[in-house]
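> attaching a predicted model along with its sequence, questions to come.
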Amino acid sequence: MMSSNKDKNKNVEDRKTVSSSCSSLTLTSTTENKPDHSPTNPRPTGSRVQFLNLHQVYQKVQSRVGRESKQRLVDARVRMVVTFDAQIEGIQIFVERVPEAAALLGDNTGRVELEPRMGDLVLNKQYLSVDLDSVYLSPQGMPVYKLSTVDAEKRNRFRIVVVIKFIDGTKSKPYFSRPFLIRSRRSSRQDSS
């Protein structure tokens, strides 16, 4: 009887040790340890994302279609390559104002999804691109690239976010591009004065 209680206590201590030393593991109802790959605890992977032609600065120019005038990004197609270590189902790409800039500006737009254009698939590398100018308004109807004229160098910084979706239903951690600045291009009338 005494040894039975010792065994029970030892098992409880072992479970406590396992749960405290393995924060990414969760205990299921069958008492098996399985990784938790929820959005808050993404799948650890050997994947990586390279941004091949990301500019430090993108320009917005005035564009008129019919009677509507908008500022649109020029030369805004970004090429990238995603290297992965497991079979993938898809790749989600978003653009967002960097968190510090969003806080300064009070911008609540958040991440806006971009439609990737898939290129070549070579072994475990997927080549693709996105057009930053393919979105003008967020799903909430807010201009995605609304620019601030005050403290523009800090407030008008954006980044690309890439999430890899695996065939088993899990997702990678988000991969972030380095921040880039968006500016309004000065018109030729402003340049000549």
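Nice, thanks for sending it over. Numbers count the residues shown, from 1 in each chain.
> all helices for this structure, in order.
Taking DSSP state H as the test, the helices found in the chain are 2-21, 99-105, 152-155, 188-192.
> poorly predicted segments of this protein, please.
1-45, 187-193 (pLDDT under 70).
> which parts of stretch 134-151 are buried?
By neighbour count on 16 or more other C-beta atoms under 10 Å, the buried set for stretch 134-151 is 134-135, 138, 144-145, 148. C-beta: built from backbone N, CA, C; applies to glycine.
> want to throw those into CSV with distance to Met118?
Converted to CSV, the buried residues of stretch 134-151 look like this (distance: C-beta to C-beta, whole Å):
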residue, distance to Met118
Ser134, 14
Val135, 18
Ser138, 24
Val144, 22
Tyr145, 24
Ser148, 34
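> what ranges do the strands span in the chain?
25-27, 33-35, 48-51, 57-65, 68-74, 77-83, 88-97, 112-114, 117-122, 125-131, 157-166, 175-176, 180-184 (DSSP state E).
> which of those sits closest to Gly106?
strand 88-97 (10.6 Å; C-beta to C-beta).
> nearest residue to Leu132 in space, please, no chain neighbours.
Leaving aside its chain neighbours, Leu132 sits nearest to Ala76 (3.8 Å; criterion: C-beta to C-beta, 6 or more residues apart in numbering).
> and the one you found, how far from Val163?
For Ala76, the distance to Val163 equals 21 Å [C-beta to C-beta, to the nearest Å].
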